[in-house]
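Participant: can you look at this prediction? I've put the sequence above it.
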Amino acid sequence: MPFASTNPYTGETLKTFPAATDDEIMRAITSAHQAFLAWRDTSFSERATIMSAAAEILRRDIDAYAEILTLEMGKLLPEAKAEVELSAAIFDYYAKNAEALLQPEQLPVADAAEGKAILVCEPLGVLLAIEPWNFPYYQIARIIAPQLSAGNTMLLKHAANVPQSAAAFETLMRKAGLPEGAFINLYAEHDKVGMILDDPRVQGVALTGSEAAGASVASQAGKALKKSTMELGGADAFVVLADADMEKTTKWAVFGRHWNGGQVCVSSKRMIIVDEVYDDFLARYTEGVAGLRMGDPFDPETTLAPLSSQKAADDLKAMVAKAVDHGATATEVGPEAPNQGAFVRPVILTDVGEDNPARYWEFFGPVSMLFRAKDEDDAVRIANDSPFGLGGSVFTSDTKHGAEVAKKISTGMVFVNHPTMVKADLPFGGVRRSGYGRELLGLGIKEFVNHKLIDVVDIDAAF
């Protein structure tokens with residue numbers, strides 16, 4: 001069975017689900033398309049009522065929803081509850097703002113005699129969402145909340161190791177009052193994506209995942225002439241300037257790298273510290289990382305979660321070994337990893353030279369790369385020396401100057417004095433190999449709509 005819940009702390013397989021057959025996939029597309037024909041004509045107020053209901057149910061049953069996250073991918077229970085709340089906030093945001101975000105726009109025309117030119121936003125139809133395991137609810141919410149609010153309908157292909165999270169969200173939307181077929185969870189294998197995108201009733205795909213997955217799906221979407229958005233990898237720079245408050249900065253660095261077990265595309269993966277404060281930062285950061293505690297993710301004393309699977313842990317250790325083979329220094333920090341659970345003892349990588357290919361990798365787990373920059377300009381150079389361009393941060397006591405430095409960092413998001421964050425009312429997305437397109441806010445809701453021009457022309461013309 002390819003879709004299975006396996007507790008990464010105990011190793012126990014909790015539940016398995018059969019993969020969808022071709023017939024089941026075709027029936028789902030038909031159901032989603034039929035639902036679209038009615039859903040596109042519902043009012044914004046009707047859609048908002050359902051989005052609000054979803055938010056209310058998530059908050060009401062937060063303990064039950066959070067427990068599934070912790071059981072399936074090992075997320076610390078407080079972080080699981082935070083993800084449930086974030087998902088609810090996204091539903092609330094679009095319940096309140098979708099209608100205003102999609103209001104018709106009157107365009108200025110050169111010749112007033114030509115009448116009125118109006119730009120309207122209309123839904124496209126059935127969309128496919130391909131989502132990863134690291135934020136099983138948030139990743140769904142940030143695509144379905146805007147797109148359902150816009151009048152589209154959704155098919156979900158979630159990661160194979162979080163099938164219960166996917167099913168829980170499908171049930172959630174039914175409880176919230178969403179019409180049958182408007183959001184369908186499909187246990188579809190990777191080789192079925194092309195078949196789904198080739199169907200003329202499917203109008204686009206949004207993917208969050210690896211570079212390899214993004215390249216494959218973007219290629220399939222392109223061949224089918226379907227719109228796509230891609231949120232891919234990241235190796236966010238955490239730039240520390242000489243005047244940074246070192247106590248606060250190192251605390252944020254420990255959090256920014258290790259929340260969600262370090263399995264976050266916008267984790268602070270590359271610490272870039274100017275020379276004069278590097279040694280102080282390294283000492284403080286090492287002490288902070290050493291204070292993290294691995295253990296049962298349900299235990300409130302645990303501060304570092306297991307990785308999502310034993311394979312993920314083994315793969316990460318292998319990456320560290322390769323980085324060392326190419327000349328890096330790996331320092332394990334803190335207590336030994338427990339015998340139980342898919343844990344990786346935190347590692348700090350230094351001496352990652354410019355000829356070391358690991359310099360350009362994304363380590364998905366508690367592995368930090370530290371770089372000593374000669375000065376501020378060199379810090380910016382190192383920050384931009386990456387194939388990725390998702391998020392990043394700058395730490396300084398002079399926030400005005402920090403904003404100027406942020407402008408020089410080539411990413412989709414930069415924060416001053418805070419690691420890259422995710423919120424319902426902030427846009428999300430990157431550049432280069434971190435993908436294209438944006439999610440959340442008006443940028444997200446407008447990714448999959450027809451920006452249609454209606455131009456009323458009623459003038460006499462000579463023929």
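Facilitator: Thanks, I have the structure now.
Participant: show me where the stretch 251-400 of the chain has strands.
Facilitator: Taking DSSP state E, counting those that start in this stretch as the criterion, the stretch 251-400 of the chain carries its strands at 270-274, 329-332, 347-350, 367-373, 392-395.
Participant: tell me which of those strands sits nearest to N152.
Facilitator: strand 392-395 (31.6 Å; C-beta to C-beta). C-betas here are computed from N, CA, C, even on glycine.
Participant: run me through the strand neighbours of that closest one, direction for each.
Facilitator: strand 237-240 (parallel), strand 415-416 (parallel) (DSSP bridges).
Participant: and for the nearest residue to R432 once chain neighbours are set aside, the neighbour number?
Facilitator: Setting aside the residues directly before and after it, R432 is nearest to G389 in space (C-beta to C-beta, 6 or more residues apart in numbering), at 4.3 Å. Per other C-beta atoms under 10 Å, the neighbour tally for G389 reads 23.
Participant: surely G389 and R433 touch.
Facilitator: Yes: here G389 lies in contact with R433, judged by C-beta atoms under 8 Å, at a distance of 7.4 Å.
Participant: P387 contacts R432, correct?
Facilitator: Yes: the pair P387 and R432 passes the contact test of C-beta under 8 Å, sitting 6.1 Å apart.
Participant: coming back round to it: quick one: closest of the strands of the stretch 251-400 of the chain to S165.
Facilitator: The closest of the strands of the stretch 251-400 of the chain to S165 is strand 367-373. By C-beta to C-beta, the value is 25.5 Å.
Participant: where does the chain dip in pLDDT?
Facilitator: 1, 110-114, 459-463 (pLDDT under 70).
Participant: which residue ranges form the helices in it?
Facilitator: 22-39, 44-60, 62-73, 77-101, 138-150, 163-176, 193-198, 211-223, 246-258, 275-290, 310-325, 376-384, 399-408, 441-445 (DSSP state H).
Participant: closest one to E301 among the strands of the stretch 251-400 of the chain?
Facilitator: strand 329-332 (21.3 Å).
Participant: on that earlier part again, can you list the strands of the stretch 251-400 of the chain in TSV and add distance to A224 and mean neighbour count?
Facilitator: Below are the strands of the stretch 251-400 of the chain laid out as TSV (distance: least, C-beta to C-beta, whole Å; neighbours: other C-beta atoms under 10 Å):
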stretch	distance to A224	mean neighbour count
strand 270-274	36	25
strand 329-332	44	14
strand 347-350	41	21
strand 367-373	37	23
strand 392-395	34	29
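Participant: any chance of the ones you listed in JSON lines, plus distance to G181?
Facilitator: Listed next are the strands of the stretch 251-400 of the chain as JSON lines, based on distance: least, C-beta to C-beta, whole Å:
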{"stretch": "strand 270-274", "distance to G181": "44"}
{"stretch": "strand 329-332", "distance to G181": "51"}
{"stretch": "strand 347-350", "distance to G181": "47"}
{"stretch": "strand 367-373", "distance to G181": "43"}
{"stretch": "strand 392-395", "distance to G181": "41"}
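Participant: looking at the helices of the chain, which one is packed in the most?
Facilitator: helix 138-150 (a mean of 27; mean count of other C-beta atoms under 10 Å).
Participant: helices or strands up against it?
Facilitator: helix 44-60, helix 77-101, strand 116-123, strand 126-130, strand 153-157, helix 163-176, strand 202-208, helix 441-445 (3 or more C-beta pairs under 8 Å, 6 or more residues apart in numbering; DSSP states H and E).
Participant: now the ones you listed in JSON lines, with distance to W361?
Facilitator: Output for the helices and strands packed on helix 138-150, formatted as JSON lines (distance: least, C-beta to C-beta, whole Å):
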{"stretch": "helix 44-60", "distance to W361": "35"}
{"stretch": "helix 77-101", "distance to W361": "25"}
{"stretch": "strand 116-123", "distance to W361": "39"}
{"stretch": "strand 126-130", "distance to W361": "23"}
{"stretch": "strand 153-157", "distance to W361": "26"}
{"stretch": "helix 163-176", "distance to W361": "28"}
{"stretch": "strand 202-208", "distance to W361": "19"}
{"stretch": "helix 441-445", "distance to W361": "29"}
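Participant: quick one, which of these gets closest to Q139.
Facilitator: strand 202-208 (5.4 Å).
Participant: and that closest one, what does it pack against?
Facilitator: strand 126-130, helix 138-150, helix 193-198, helix 211-223, strand 227-231.
Participant: redo the ones you listed as TSV? Include distance to I50.
Facilitator: TSV is the format used below for the helices and strands packed on strand 202-208 (distance: least, C-beta to C-beta, whole Å):
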stretch	distance to I50
strand 126-130	17
helix 138-150	8
helix 193-198	25
helix 211-223	28
strand 227-231	23
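Participant: thinking again about what came up before, any idea how far the residue nearest to R432 is from S43?
Facilitator: Applying C-beta to C-beta, to the nearest Å, the value for G389 to S43 is 39 Å.
Participant: likewise L86?
Facilitator: 27 Å.
Participant: and for I140?
Facilitator: 24 Å.
Participant: again, but for E99
Facilitator: Where S43 is concerned, E99 sits at a distance of 9 Å (C-beta to C-beta).
Participant: try V109
Facilitator: The value you get for V109 to S43, if C-beta to C-beta is used, is 30 Å.
Participant: can you pick out the residue with more neighbours from these two?
Facilitator: V109 (13 against 9).
Participant: and the more buried one, what does it touch?
Facilitator: G115, K116, A117 (C-beta atoms under 8 Å, 6 or more residues apart in numbering).
Participant: how about S5, nearest residue that isn't a chain neighbour?
Facilitator: L14 (4.1 Å).
Participant: okay but the one you found is in contact with L71, surely?
Facilitator: Yes: contact criterion C-beta under 8 Å: L14 and L71 qualify, at 6.3 Å.
Participant: scan the contacts of V109 and report the most crowded one.
Facilitator: Most surrounded of the contacts of V109: other C-beta under 10 Å gives A117, at 15 neighbours.
Participant: these two touch, right, it and I454?
Facilitator: Yes: between A117 and I454 there is a contact under C-beta under 8 Å: 7.5 Å.
Participant: show me the domain layout of this structure.
Facilitator: 3-233+426-454, 237-416 (automatic domain parsing).
Participant: so which of the helices and strands packed on strand 202-208 is nearest D243?
Facilitator: Of the helices and strands packed on strand 202-208, nearest to D243 by C-beta to C-beta is strand 227-231, at 33.3 Å.
Participant: which strands or helices does the closest one pack on?
Facilitator: By 3+ C-beta pairs under 8 Å, 6+ apart, strand 227-231 packs against strand 202-208, helix 211-223, strand 435-436.
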